[in-house]
Structures are given as C-alpha cells and as structure tokens.
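Q: Mind looking at a prediction? Sequence and model below.
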Amino acid sequence: MSENLVQHLLQAFDGISRCIQTQLTRFILRSDQPPASAHKDSPLTSLSSHSVGVFHPEILQKQKTSGPTTKEDLGRATWTFLHTLAAQYPEKPTRQQKKDVKELMAILSRMYPCKECADHFREVLIATPVQAGSHEEFSHWLCHVHNVVNRSLGKLTFPCERVDARWGKLECEHRACDLQGSASMDVTDAAHYRR
C-alpha cells in the first residue's frame, strides 16, 4: 500500500474526527433533555438509548478513569466513524473514492486491534462485498453489515431504511466535512493528494 494512500486516509480520518468531536460536544450538551418527538417504544429510540447513555457527561467521566479502552468501546467508536463516513459519502463517488472505501474496509479487516473482530469482519466482507456506488448504496450496505455483526453478538438490529435519520450528514461550516477527493475537487487539489 502506498504511503500517500495511508496519509490520505489519516487526513480524512482526522477531519472527520474533528467534526465528530464537535457534534458529540453539541450532543452531550443536549443529552440531559430527551427529544420531544421520541417515543419510548420506537425502534430508533430503543436502539439509540444505549448510545445516548454512553455520551452522558457522568458516564463519559467514569469511562475516562476506568482504564484501557474495552473491546466494546472500540467497537462503538469504530461503528460511529464508519457510519459517519457513510453519511458523508457522496451520491456520485469518484472511482478513487470507491476504491479507497473498499480498501479501508479491507484494511480494517486486517489491522483492527481486536483479532477476533477483524477475522469476523473479514468473513463478513467475503460474504457481503463492499457496495459503494453511491451514498445510499454504501450507507445501506454498512447498515446491513453492522446488523450482521450485531446478530452474531446477540444484539438488536437497526432498521436500515432509517439509517440517514440516525447517521445524517455532519453540520460543518464551509463544507469542512466533505470527503477529500470528492467530485467537486479541482485538478490542482487532486494533484496535491497524488504526491
């Protein structure tokens, strides 16, 4: 794998990470009040209620002092990153973007810090190859794959038709959350990333 691709992925991850941190901060500040439209028995609410607790300030503080990252914490963080990436994925991705997202999934299946998880993810990728022809295709593929993993762990599955409601695009000023290499990138920018 070329050093440029790794550098490109790290830069993209850094940008998305900063946007996620901004959104999580906003979310934490609002987490004390449940959404007015939330229904207790709603599948979306019941599934996300666990993740709401994870970001509550007291629980965050408790997690910071409890020691090393757990496999579950790593899994939640990884799924957050992947679903956020899918939410930002363009409607009409370039060939390079399609190639990059497929390679990212392959890299995760080889380099993920939990060997058991990486091996399982590799099996899932073989059975369900990455679909990245559009935002909708990639988002729904990722949701399906997440549900496969959840089923194997005995967890609830998520209704994939609601994936955009749960993992919508980040709200960033001046298109700061756009993926690098998007179709709107001009030739000069594209040449910079090939170096």
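A: Cool, got the structure. Numbering: from 1, shown residues only.
Q: Spell out the residue ranges of the helices in this structure.
A: Counting by DSSP state H, the chain has helices at residues 3-30, 43-54, 57-65, 71-88, 95-111, 115-127, 135-152, 163-166, 187-194.
Q: So which bits of the fifth one are buried?
A: Along helix 95-111, the positions that meet the burial threshold by neighbour count (16 or more other C-beta atoms under 10 Å) are 96-98, 100-102, 104-105, 108-109. The C-beta positions use only the backbone N, C-alpha and C, and glycine is treated the same way.
Q: again with stretch 71-86
A: 75, 78-80, 82-86.
Q: before we move on, the earlier item: which one among the buried residues of helix 95-111 gets closest to residue 70?
A: Residue 70 has its nearest neighbour among the buried residues of helix 95-111 in residue 108, at 18.1 Å by C-beta to C-beta.
Q: By mean pLDDT, flag the weakest helix or strand of this protein.
A: For the chain, using mean pLDDT, DSSP states H and E, the weakest element among its helices and strands is helix 43-54, scoring a mean of 36.
Q: pLDDT weak spots in this structure?
A: 1-66, 172, 174-195 (pLDDT under 70).
Q: 50 instead, please
A: Within the chain, the segments meeting pLDDT under 50 span 1, 27-28, 30-56, 181-195.
Q: just to revisit the earlier point, could the buried residues of helix 95-111 be laid out in TSV, adding distance to residue 133?
A: Below are the buried residues of helix 95-111 laid out as TSV (distance: C-beta to C-beta, whole Å):
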residue	distance to residue 133
96	14
97	10
98	7
100	14
101	11
102	11
104	16
105	14
108	20
109	20
